[in-house]
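Student: Below are the sequence and a predicted model for it; my questions follow.
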Amino acid sequence: MSERPKRAVRKPTRLLDEVAKSTPPRTKRKAQQLAIDDNALDALLTNPKSTLTSMDISDLINANTWAFLSDASKAHLAKLLPPTAFSDYQRTIDPDHPSSSRKDADPNAMIIDIPQDPLSSYKADRVLPSVFTDPHFLAAAHTFQDHLYSGWLKDDFKAKVAKYEEGVRNGTLAAPWKDQEWEKEHAMLENDALTSSKPHSTGGAIKAGHTSDVRIYDLAKNSVIQVGDIISYKRNFTMLDVTVEKDVLVQSLNTRARSLTVLLESGPTQHLPPYLLMPDAPDPVPPTQSMEITSPTMLETGILDLDGRVERGKRPNGNAWKVLTVYRWREDGVSSMDDNRGGRESHGTLHYLRNSHFSDS
């Protein structure tokens, strides 16, 4: 009888062993420091389409993320926090308060003269976790998101702000709309080529109305400006670092043309020659120029054209009535003839005289 073939006996396979074979061996990887892309960081903090504008800022800036920062980063950021954000903050009373504890301080000393003690240590390890949920802190964070969304953190917008601030400091900033609104409110329709066609009273007094209705000829007709007066011009062009000053002498009043004839010197010369400063002055001789004007703006334009230092394209819009001052001899005849205006004294700007005459009419 033949023997039956024997079955091979194999060791049973366990599930854990199969999993161990299929799982690749773990290898240790060196920690790699992530390189920060400067362009991506700049876009994140300046681009109006940044994800920071639409996220809940509390998810990014909170006590947990603060704990993950390095000590150097914490020390740097702690300097930007207010003194109330630290656990060692001490409340103080203003030195001027009656309850102030500064009994030894000089009562006549100003606040800037009194040494101020630091209100807190500004140490990073003393930052209160509650500062990140404080309404004031969250409001500032939301304001940052608003500024980021509005594009106010972009370089081109910062350049515009810097240019505006520089213009405010040096006086070169001009806002034409302000002059337009002023003229609109006061009905300033002054035109060098157009004379006023409104009727005037025969008694020499100007009827009540807007001060813009008062022309320079009306001031002369009512003796606010007189023949022999000197009208002194002065304007500082800070953008060019140039100050233009020039005296003009009122020579005559032209009734038909409703204008004034004035005398002035050519070039940057400020004062008139001495022979024109005396009473009953003779006729002018060159280089003294004669000019017929109907408005302060026309006079200012002529002065700047003769001076030649400020081009027309670089002249800002301004109220010429405020840069022209009237000088006149005293009524008692007592004057000093030693100055450059023949002893005449200031009576005020044309702007002041026009408003005063209007209010007195």
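Tutor: Noted; the coordinates are in hand. Numbers count the residues shown, from 1 in each chain.
Student: how close does residue 297 sit to residue 125?
Tutor: 67 Å (CB to CB, to the nearest Å). All C-beta atoms are positioned from the backbone trio N, CA, C, and that covers glycine.
Student: and if you look at residue 246?
Tutor: For residue 246, the distance to residue 125 - CB to CB - is 69 Å.
Student: same deal with residue 228?
Tutor: Counting by CB to CB - residue 228 and residue 125 are separated by 81 Å.
Student: who has more neighbours, the two?
Tutor: Neighbour count, other CB atoms under 10 Å: between residue 228 and residue 125, residue 228 has more, with 17 against 11.
Student: Got the phi and psi for the more buried one?
Tutor: Main-chain torsions, residue 228, degrees, to the nearest 10: phi 100, psi -10.
Student: Heading C-terminal from the longest strand seen in the chain, find the next helix or strand.
Tutor: When the chain is parsed with DSSP state E, its longest strand is strand 242-254. Note on strand 242-254: by DSSP states H and E, the next helix or strand toward the C-terminus is strand 259-265.
Student: Kindly export that next one (C-alpha atoms) in CSV.
Tutor: Written as CSV, here are the backbone C-alpha positions of strand 259-265 (Å, rounded to 0.1, in the frame of the first residue of the first chain):
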residue,chain,number,x,y,z
SER,A,259,-8.5,151.4,-12.4
LEU,A,260,-5.4,152.6,-10.6
THR,A,261,-2.1,153.7,-12.0
VAL,A,262,0.9,152.6,-9.9
LEU,A,263,4.7,153.1,-10.1
LEU,A,264,7.2,150.4,-9.3
GLU,A,265,10.8,149.3,-10.0
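Student: Could you give the number of residues near residue 156?
Tutor: 7.
Student: what about the closest residue in space to residue 300 that isn't next to it in sequence, neighbour count?
Tutor: With sequence-adjacent residues excluded and distances taken as CB to CB, 6 or more residues apart in numbering, residue 300 is closest to residue 320, at 4.4 Å. The number of residues packed near residue 320 is 20, by other CB under 10 Å.
Student: Double-check residue 320 against residue 296; I have them as touching.
Tutor: Yes. Using CB atoms under 8 Å, residue 320 is in contact with residue 296, at 3.8 Å.
Student: Need the overlap of contacts for these two.
Tutor: Residues touching both residue 320 and residue 296 by CB atoms under 8 Å, 6 or more residues apart in numbering: residue 350.
Student: Show residues contacting stretch 47-67.
Tutor: With CB under 8 Å, 6+ apart, stretch 47-67 has contacts from 43-45, 74, 127, 129, 132-133, 138, 141-142, 144-145, 148-151, 154.
Student: returning to what we had before: tell me which strands the longest strand of the chain pairs with, and in which orientation.
Tutor: Neighbouring strands of strand 242-254 in its sheet, by DSSP bridges, are strand 230-237 (antiparallel), strand 259-265 (antiparallel).
Student: Run through the helices of the stretch 251-361 of the chain in chain order.
Tutor: 296-307, 350-360 (DSSP state H, counting those that start in this stretch).
Student: Tell me which of those helices lies nearest to residue 92.
Tutor: Smallest distance to residue 92 across the helices of the stretch 251-361 of the chain (CB to CB): 49.2 Å, for helix 350-360.
Student: what comes up buried for that closest one?
Tutor: Within helix 350-360, the residues that count as buried by 16 or more other CB atoms under 10 Å are 350, 351, 353, 354, 357, 358.
Student: okay if I get these as CSV plus distance to residue 258?
Tutor: Output for those, formatted as CSV (distance: CB to CB, whole Å):
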residue, distance to residue 258
350, 16
351, 20
353, 18
354, 16
357, 17
358, 18
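Student: and stretch 265-284, average pLDDT?
Tutor: If you average the pLDDT over stretch 265-284, you get 88.
Student: Where do the helices of the stretch 1-150 of the chain begin and end?
Tutor: Under DSSP H, counting those that start in this stretch, the stretch 1-150 of the chain gives helices at 15-22, 38-46, 63-68, 71-78, 135-149.
Student: that older thread, just the buried ones from the contacts of stretch 47-67?
Tutor: Of the members of the contacts of stretch 47-67, the ones counted as buried by neighbours, 16+ other CB under 10 Å, are 127, 132, 141, 144, 145, 148, 149.
Student: what sits against the fifth one?
Tutor: For residue 145, the contact set (CB under 8 Å, 6+ apart) comprises 52, 53, 57.
Student: Closest one of those residues to residue 340?
Tutor: Using CB to CB, those come closest to residue 340 at residue 53, 63.7 Å.
Student: got any ranges where the stretch 201-350 of the chain has weak pLDDT?
Tutor: 201-213, 332-338 (pLDDT under 70).
Student: make it 80
Tutor: When residues are selected by pLDDT under 80, those of the stretch 201-350 of the chain lie in 201-214, 317, 330-339.
Student: ok, residues contacting stretch 263-275?
Tutor: By CB under 8 Å, 6+ apart, stretch 263-275 touches 230, 244-249, 251, 276, 281-282, 284, 287-291, 302-303, 306-309, 340-342.
Student: what do you get for stretch 346-357?
Tutor: 206, 211, 214, 216, 219, 222, 224-225, 231, 296, 319-328.
Student: Now, of those residues, which are buried?
Tutor: 206, 211, 214, 216, 219, 222, 224-225, 231, 296, 319-321, 323-328.
Student: circling back: got the contact list for the residue nearest to residue 300?
Tutor: Applying CB under 8 Å, 6+ apart, the residues near residue 320 are 295, 296, 297, 299, 300, 350.
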